[in-house]
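Asks: Predicted model and sequence follow; I will ask about them next.
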Amino acid sequence: MRIAIPTYKRSDKQLTLELLEKENYPKDKIYLFVEPREKDDYKQYGVNIVVLKASNGNMSMVNNQILDFMKSQQYLWVCDDVYEFKKVNGKKGNYWLYENCSFQELAEGVRTMLTGCVVVQIPTERRGVLKKSTKRWTMITNLHTCYFVNPGLLGSIRYDEKFKICEDYDFGYQLLSNGMGAIIDYRFTHNAKHWTNKGGCIGWRTKEMAKQTTIQFKKKYGDMVKTIFNKTSGMVEVRWKN
């Protein structure tokens with residue numbers, strides 16, 4: 001399976017690549033999507049380098065370019081700072097317990113679900129372990145960090161480029177509102193280092209950008225959505241009303 005890794009200002013530290021290298025995953029199936037000014041900075045990794053059109057910090061533009069590149073082939077969209085994958089290894093009360101697994105195990109476990117789903121999200125371990133539920137999967141509300149995509153089932157749906165950030169919330173809602181399979185699979189999980197790594201989206205994301213995003217959601221969805229903007233951290237949370 002192909003793996004798409006968008007990356008920005010992290011040429012010196014590629015945690016996801018390090019993880020895949022440990023299990024000797026084929027480098028010809030790994031694609032780094034990079035900004036034009038960084039096209040020569042990642043050659044040392046020996047994987048495919050795809051130069052994006054200038055995105056100006058717009059993640060919807062980046063993700064649409066990845067969709068166009070992958071065409072109808074299934075792929076994993078994953079951040080560049082994932083350092084482990086895990087699988088369910090029992091339960092403690094109503095909480096899932098996990099143990100380390102390879103990407104190959106993860107991909108094989110998800111492959112059958114992708115035949116009928118557009119997207120299968122792999123949650124962070126925090127969300128998985130603390131999920132007090134007997135369910136193995138739930139319907140998705142947003143996408144983040146690590147998810148499998150089956151473009152062949154996507155139809156004409158695209159990332160809305162009016163959303164520079166939080167595009168995952170909007171994309172997930174588009175899928176659900178169009179009756180398309182989009183789920184979170186709690187049989188697997190992952191962990192990443194988003195805020196302790198230099199570079200990535202924290203290198204260009206601003207509080208003002210986040211604030212404007214909440215306004216954009218209100219314009220598009222009105223009373224169907226509740227947005228929460230944390231003035232201290234600049235984080236945005238979007239909640240869909242039933």
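Replies: That came through fine. Numbers count the residues shown, from 1 in each chain.

Asks: tell me the SS of R158?
Replies: With DSSP: H, G, I helix; E, B strand; the rest coil as the basis, R158 sits in coil.

Asks: Let me know the pLDDT of the residue nearest to it when sequence neighbours are not counted.
Replies: Leaving aside its sequence neighbours, R158 sits nearest to N64 (Cβ to Cβ, 6 or more residues apart in numbering; 5.5 Å). C-beta coordinates here come from the backbone N, C-alpha and C atoms, glycine included. Looking at N64, its pLDDT is 95.

Asks: and what of the one 3 residues further on?
Replies: Predicted confidence (pLDDT) at L67: the value is 95.

Asks: so who does it touch?
Replies: 149, 151, 154, 158-159 (Cβ atoms under 8 Å, 6 or more residues apart in numbering).

Asks: Can you select the buried ones from those in PyMOL?
Replies: Buried residues among the contacts of L67 (16 or more other Cβ atoms under 10 Å), as a PyMOL selection:
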select buried, resi 149+151+154+159
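
Asks: Any chance of the contacts of L67 in CSV with distance to W96 and pLDDT as columns?
Replies: As requested, the contacts of L67 are arranged in CSV below (distance: Cβ to Cβ, whole Å; pLDDT from 0 to 100):
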residue, distance to W96, pLDDT
V149, 24, 94
P151, 29, 93
L154, 29, 90
R158, 33, 93
Y159, 30, 93
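
Asks: which SS class is L20?
Replies: Secondary structure assignment for L20 (three-state DSSP): helix.

Asks: List just the nearest of the contacts of L67 to K9.
Replies: Nearest to K9, judged by Cβ to Cβ, of the contacts of L67 is Y159 at 21.7 Å.

Asks: and the gap between C79 and P36?
Replies: 20 Å (Cβ to Cβ, to the nearest Å).

Asks: The two: which is more packed in?
Replies: Taking other Cβ atoms under 10 Å, C79 and P36 do not tie; C79 has more neighbours (21 against 10).

Asks: thought the more buried one was touching L143?
Replies: No - contact criterion Cβ atoms under 8 Å: C79 and L143 do not qualify, at 11.2 Å.

Asks: can I see the domain layout of the protein?
Replies: Per automatic domain parsing, the structural domains of the chain span 2-204, 206-242.

Asks: Around T232, how many other residues sit close by?
Replies: 6.

Asks: max-length helix in the protein?
Replies: Assignment by DSSP state H gives helix 207-221 as the longest helix of the chain.

Asks: average model confidence for that one?
Replies: So the average pLDDT for helix 207-221 ends up being 85.
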